[in-house]
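Peer 1: here is my input; please provide its structure:
(chains A and B)
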Amino acid sequence: MRISVSNENKPILIASFFVIVILLAGTAYTLSTSGAAPLLSPNYLLQQLQTGSFLGICAAGMMMVILLGHIDLSIPWTLTAAAMTATAVGGEMALPTALAVGIAVGALNGFGVAFLRIPSMIFTLGVDTVLRGLMVAQTGGFAPQDTATPLMLFLSKERILGIPVAIFVWAAVSVVIIAVLTRTGFGRSIYATGSSERAAYLSGIRTRFVTMGAFMMSSLCASIAGVLLAGYSAKAYQGMGNAFLLPAIAAVVLGGTHILGGRGRYVGTLIGVVLIVLLNSVLSIMQMPEAGRQIIYGAVIIAMLLVYGRNQRVTS
Amino acid sequence: MHKSTLKRYFSQNLGVVTASLLLIALYVTYNFMHPRGFSTAVAVQNTNEAAAIAFLAMAQTLPVLLGGLDLSVGAVMTLSNCVASVLVNGTPGEIVFGMLATLATGTAFGALNGCIVVYGRIQPIIATLATGAIAIGLALIVRPKPGGDVDGDLGWALTNSVWDFADTYELADGGDAWWLQPFVDIPVPFLLVVLVAVCVWVPFKRTVTGRTVYAIGSAEGAAFMSGLPIDRARIAAFTLGGFFASCGGLYLAIQTSSGNADLQQAGAYTLNSIAAVVLGGTSLLGGVGGAIASLVGAGILRVISFYFRILDIDPLLQPLIEGMVLLVAVSFGAIRTIRVKNKLDLFR
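Peer 2: Residues are numbered from 1 along each chain as shown, chains lettered A, B, ... in the order given. So this is what the prediction gives:
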């Protein structure tokens, strides 16, 4: 029997295969050194997914923007700004405030990219710098003294039925994104605009509002991740979002979403996140020094893209 | 130059001409406001702070001209910086070897980037994201902890004025020769940047390979159909980018006499290099601009930060003002949307 795999699903299959390879290699290592297999215990995996949920939510938002052929470099400080304002406001209004920050930043990004037609690469970079400036001016450059609210602590640290709440939040975000991408006109408009903005515009899609909407979703996701991360570490701090930008892009691309837009499935992004999270945890189990981790991290991305991320050769 | 030629030059290079005028205006005003303005000491200090980002801006220009982006320039600079901090010391012969080895490291890494992009057919932005991580990893192996030992004489000579350079190496009567007098007040870092730009970038731009880089950025399909050496130009662009980045790393090592494999610093330099390229008027869509324009952009970026010192602005507000200036500067690109005649031209 011949199994045919569509081009869209090939990256997802290869990435899942690689996830299994990483798990097996990590288990073989731990079995040979300590005789135990912690990587395969559900508790350990859940713990990894709990910390991975922050990256997962960032990547979900980033994917919306990458599907358009744009990129959102303002994620680190959107995340931090949302977390800082949430802890500063405190009380019941903490969560709505953080989400409002996310939506506002997204609207600004979307306006610059869609209406002013500034390349997203540089506009979101500028917004990121401005947000950093606002936060430094606000906090004096130190970690603010405010602590996370009980709700934020609950969302990121508690467990329901033995499963961390953060994973439920990630799952909820994922369900919303899948529904938006596959079941709504907005989602289809994103794919259409990402493939060819001209054609989409000519077929009556209001591409500028689509772009704006995608950027708002990206920033909204970043602010949700900010709220969770602030809850996880019990407070907000400078630079808490820095570690999420590049892995989020990598996760989206490893999951088969085309960096120039128009193609990609959300399941791929999920697997991309799991791949990166597991790779990181296996490397830390092996007590790999930072130098080796960086090299392996880079080599894995290159290797996987060589397998399935290749462009068409230009022939005309 | 014929009048119409001059006019055409200005209309074709509107971005860089505007940026240059802005830089000159900003820098002259700065010197008027500075208590010791127009002195060698101020110029030396300023050019020292601007040299590394100037090299990086040139490094970033080439991939941007192709219509891509190199997210590894900061990391390649860091790698070269760490290599230099280990090798650039000892006898004069060893120092020269160390400098050459540093430049070779960055150039080789740039060539690797180019090969991955060309033969692997991976988008530059994502390929260099990955190779950037590899470069940082290698830098950490070369120098696990910040530190280093770079020849002190060299550090002094290259980070001061021409007179100090001649004085250190007892050239031209220790800097007092009559023919050197018109040049003694020029800061050496400024000369180095100009030297690299004039001796490497300008000749490269005039070759077929250099022209092809522009052609690929404008219309890759057309460049291919015209029989231009696309692959060679791509690899050359990334290789040259690596070379410029390693110049920046080497200079940083000489200036600070140490190496530091700092991930944050590498990221900041990469992002600033993109900002400098855009401020200089090079289009992120490719095909328009040049390394000289990026030097001007890097200059503007640095002069803005010089103002913070003399204007006595609260340090806590500095990042905010920097960001606002960057955002407003790039928003001027929106003027294009008003001038466009057919709305379809907005959408690619």
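
Peer 1: what parts of the stretch 1-150 of chain A come near chain B?
Peer 2: Residues of the stretch 1-150 of chain A that fall close to chain B, judged by Cβ under 8 Å from any Cβ of the partner chain: A:71, A:73, A:112, A:115-119, A:121-123, A:125-134, A:136-137, A:140-141. To be clear about C-beta, it is placed using only N, CA and C from the backbone, and glycine gets the same treatment.

Peer 1: ChimeraX command to pick out the buried ones of the residues you listed?
Peer 2: The ChimeraX command for the buried members of the residues of the stretch 1-150 of chain A next to chain B (criterion: 16 or more other Cβ atoms under 10 Å in any protein chain shown) is given here:
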select /A:71,73,112,116,117,118,119,121,122,123,125,126,127,128,129,130,131,132,133,134,136,137
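
Peer 1: if you look at the residues of the stretch 1-150 of chain A next to chain B, which of them are in helices?
Peer 2: Using DSSP state H, A:121-123, A:125-134, A:136-137 are the members of the residues of the stretch 1-150 of chain A next to chain B that sit in helices.

Peer 1: tell me which two of those residues sit farthest apart.
Peer 2: The largest separation in those, counting by Cβ to Cβ, is between A:121 and A:137 at 25.3 Å.

Peer 1: could you pull out the helices for the stretch 1-150 of chain A?
Peer 2: Secondary structure of the stretch 1-150 of chain A (DSSP state H, counting those that start in this stretch): helices at A:10-33, A:42-67, A:75-89, A:94-110, A:120-139, A:150-157.

Peer 1: most tightly packed of those?
Peer 2: helix A:75-89 (a mean of 28; mean count of other Cβ atoms under 10 Å in any protein chain shown).

Peer 1: so which bits of the stretch 201-348 of chain B are right by chain A?
Peer 2: Applying Cβ under 8 Å from any Cβ, one finds that the stretch 201-348 of chain B approaches chain A through B:220-221, B:224-225, B:230, B:264, B:267, B:271, B:274-275, B:278, B:284-285, B:316-324, B:326-327, B:330-331, B:333-334, B:336-337, B:344, B:346-348.

Peer 1: take the helix or strand of chain A with the lowest mean pLDDT, keep the C-alpha atoms, and write them as CSV.
Peer 2: Of all helical and strand segments in chain A, the minimum by mean pLDDT, DSSP states H and E falls on helix A:150-157, at a mean of 77. Only the C-alpha atoms of helix A:150-157 are listed here, as CSV (Å, rounded to 0.1, in the frame of the first residue of the first chain):
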residue,chain,number,x,y,z
PRO,A,150,-4.2,35.0,43.0
LEU,A,151,-6.0,34.5,39.6
MET,A,152,-2.7,34.7,37.7
LEU,A,153,-1.1,32.3,40.2
PHE,A,154,-4.0,29.9,39.8
LEU,A,155,-3.8,30.0,36.0
SER,A,156,-0.1,29.2,35.8
LYS,A,157,0.7,27.1,38.9
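
Peer 1: pairing partners for the helix or strand following it, with directions?
Peer 2: Remark: after helix A:150-157, the chain's next helix or strand is strand A:159-160, criterion DSSP states H and E. Here strand A:159-160 is paired, per DSSP bridges, with strand A:163-164 (antiparallel).

Peer 1: quick one: contacts of the strand it pairs with?
Peer 2: A:46-47, A:49-50, A:53, A:156-158 (Cβ atoms under 8 Å, 6 or more residues apart in numbering or on different chains).

Peer 1: mean confidence score for it?
Peer 2: For strand A:163-164, mean pLDDT is 84.

Peer 1: so which elements touch the very next helix or strand once past it?
Peer 2: Where DSSP H and E defines the elements, the next helix or strand beyond strand A:163-164 is helix A:165-183. Under the contact criterion of 3 or more Cβ pairs under 8 Å, 6 or more residues apart in numbering or on different chains; DSSP states H and E, helix A:165-183 touches helix A:42-67, helix A:150-157, helix A:185-195, helix A:207-232, helix A:266-285.

Peer 1: can you list contacts of helix A:165-183?
Peer 2: A:46, A:49-50, A:53-54, A:56-57, A:60, A:63-64, A:67, A:154-160, A:186-187, A:190-191, A:217, A:221, A:224, A:228, A:232, A:266, A:270.

Peer 1: burial count for residue B:161?
Peer 2: 23 (other Cβ atoms under 10 Å in any protein chain shown).

Peer 1: oh, that last question was meant for residue B:146, not what I typed.
Peer 2: Residues near residue B:146, counting by other Cβ under 10 Å, number 13.

Peer 1: residue B:69 too?
Peer 2: Around residue B:69 there are 25 other residues, counting by other Cβ under 10 Å.

Peer 1: any idea whether it is helix, strand or coil?
Peer 2: Following DSSP: H, G, I helix; E, B strand; the rest coil, we place residue B:69 in the coil state.

Peer 1: how about the contacts made by the closest residue to chain B within chain A?
Peer 2: For chain A, the residue closest to chain B is residue A:133, as judged by Cβ to the nearest Cβ, at 2.7 Å. Residue A:133 makes contact with B:317-324 under the criterion Cβ under 8 Å, 6+ apart.

Peer 1: same thing but at 6 Å, please
Peer 2: B:319-320, B:323 (Cβ atoms under 6 Å, 6 or more residues apart in numbering or on different chains).

Peer 1: which non-adjacent residue is nearest it?
Peer 2: residue B:320 (2.7 Å; Cβ to Cβ, 6 or more residues apart in numbering or on different chains).

Peer 1: which strand or helix spans that neighbour?
Peer 2: Using DSSP H and E, residue B:320 falls within helix B:318-331.
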